[in-house]
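Enquirer: Model the structure of this input:
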Amino acid sequence: MKIDHFRDTPHLSLGESGAVGVPLGEPVSQVATTSVERDDGVEAGVWECTPGRWRRQIVQQEFCHFIQGRCTFTPDGGEALYIQAGDALMLPANTTGVWDIQETVRKSYVLIF
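Expert: Okay, the predicted model is just below:
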């Protein structure tokens with residue numbers, strides 16, 4: 001059995017950054033991540049995003065814990081959630097909406113396929 005250890009997540013070196021898939025105006029958020037995907041359809045990692053607004057389009061169920069930063073997520077047809085370091089979310093499968101990142105966010109996450 002292999003155990004993946006994400007050590008010192010606030011300072012962990014992440015992969016190369018790139019633009020979000022569906023930006024909504026300027027600035028265009030840049031994201032970077034490091035992750036592992038297991039054979040059973042679970043992906044876990046650490047993800048970071050710079051300020052900006054964009055649409056969430058992930059179809060998998062997601063648990064995430066915010067390590068640093070501040071943002072808002074407004075699910076389609078729902079109320080805005082104000083999120084800051086220390087908060088955690090469990091997003092059901094097919095949750096779409098708008099992320100508004102006010103201060104660079106870093107989170108650990110688990111996607112369940």
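Enquirer: count of neighbours near the residue lying closest to residue 60 once chain neighbours are set aside?
Expert: Of all residues not flanking residue 60 in the chain, residue 111 sits nearest, at 4.3 Å (CB to CB, 6 or more residues apart in numbering). All C-beta spots, glycine's among them, are computed from the backbone N, C-alpha and C. Neighbour count of residue 111, defined by other CB atoms under 10 Å: 20.
Enquirer: what's the spacing between residue 5 and residue 66?
Expert: According to CB to CB, to the nearest Å, residue 5 and residue 66 sit 20 Å apart.
Enquirer: Neighbouring strands of the strand or helix carrying residue 104 in the sheet, and parallel or not?
Expert: Assigned by DSSP states H and E, residue 104 belongs to strand 97-112. Sheet pairing of strand 97-112 (DSSP bridges) gives strand 42-49 (antiparallel), strand 52-56 (antiparallel), strand 61-75 (antiparallel).
Enquirer: okay if I get those as CSV plus mean pLDDT, mean neighbour count and distance to residue 16?
Expert: Compiled in CSV, the strands paired with strand 97-112 are given as follows (pLDDT from 0 to 100; neighbours: other CB atoms under 10 Å; distance: least, CB to CB, whole Å):
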stretch, mean pLDDT, mean neighbour count, distance to residue 16
strand 42-49, 97, 18, 12
strand 52-56, 97, 19, 18
strand 61-75, 98, 17, 20
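Enquirer: just so I know, which of the ones you listed lies nearest residue 26?
Expert: Ranking these by their distance to residue 26 (criterion: CB to CB) puts strand 52-56 first, at 7.4 Å.
Enquirer: among the strands paired with strand 97-112, which is nearest residue 105?
Expert: If you check each of the strands paired with strand 97-112 against residue 105 by CB to CB, strand 61-75 wins as the nearest, at 3.4 Å.
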